[in-house]
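In: Curious how this folds, go ahead:
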Amino acid sequence: QVQLVESGGGLVQAGGSLRLSCVASGPTFRYNVMGWFRQAPGKEREFVAAISTSGGVANYLDSVKGRFTVSRDNAKNTIYLQMNSLKPEDTAVYYCNAGLISSSSTSPGGSWGQGTQVTVSS
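Out: This next block holds a predicted model:
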């Protein structure tokens, strides 16, 4: 299994930006479709974005399209989630995930990070 560690969360005002990072251990990172999920208080965990092994294809939750961008650097075993124009409803714990079946899948793979809190104030 891939070990994942997220960072970059924090408190930001509505309209602001944050960049999340997820560093993966092990030599198999480049072969994994990667994704970001989030879980708000009292809600189920939901898909946010996925990216193909090469980084050439990405898929997004409708409500974040045009505001969030997922990317990866296979040389650094890292994926990123650039979040712009943040809204209070984006407040959640954001989780990195490895092993999605494809970049068009919204179901998670088997490896999770510990999560990073993102709080957007109004």
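In: Which residue is the nearest non-sequential neighbour of the residue most central in space within the chain?
Out: Note on the chain: the residue nearest the mean C-alpha position is Trp36, at 2.5 Å, using Cα atoms, centre = their mean. Residue nearest to Trp36 in three dimensions, not counting chain neighbours: Val48, with 4.3 Å by Cβ to Cβ, 6 or more residues apart in numbering. C-beta here means a position set from N, CA and C on the backbone, and glycine is covered the same way.
In: Same question for Leu100.
Out: Nearest non-adjacent residue to Leu100, counting by Cβ to Cβ, 6+ apart: Val33, 4.2 Å away.
In: Surely the one you found and Ser104 touch.
Out: No. Under the criterion of Cβ atoms under 8 Å, Val33 makes no contact with Ser104, lying 9.3 Å away.
In: Touching both of these two, which residues are there?
Out: With contacts defined as Cβ atoms under 8 Å, 6 or more residues apart in numbering, the residues shared by Val33 and Ser104 are Ala50.
In: send the alpha carbons of the biggest strand by length in the chain over as PDB?
Out: Criterion DSSP state E: the longest strand present in the chain is strand 92-100. Listed next in PDB are the C-alpha coordinates belonging to strand 92-100 (Å, rounded to 0.1, in the frame of the first residue of the first chain):
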ATOM      1  CA  ALA A  92     -14.100  20.000   5.400                       C
ATOM      2  CA  VAL A  93     -11.300  17.600   6.200                       C
ATOM      3  CA  TYR A  94      -9.600  16.900   2.800                       C
ATOM      4  CA  TYR A  95      -8.100  13.400   2.200                       C
ATOM      5  CA  CYS A  96      -5.600  12.200  -0.300                       C
ATOM      6  CA  ASN A  97      -6.400   8.800  -1.800                       C
ATOM      7  CA  ALA A  98      -4.500   6.300  -4.000                       C
ATOM      8  CA  GLY A  99      -5.600   3.500  -6.200                       C
ATOM      9  CA  LEU A 100      -8.800   4.700  -7.900                       C
END
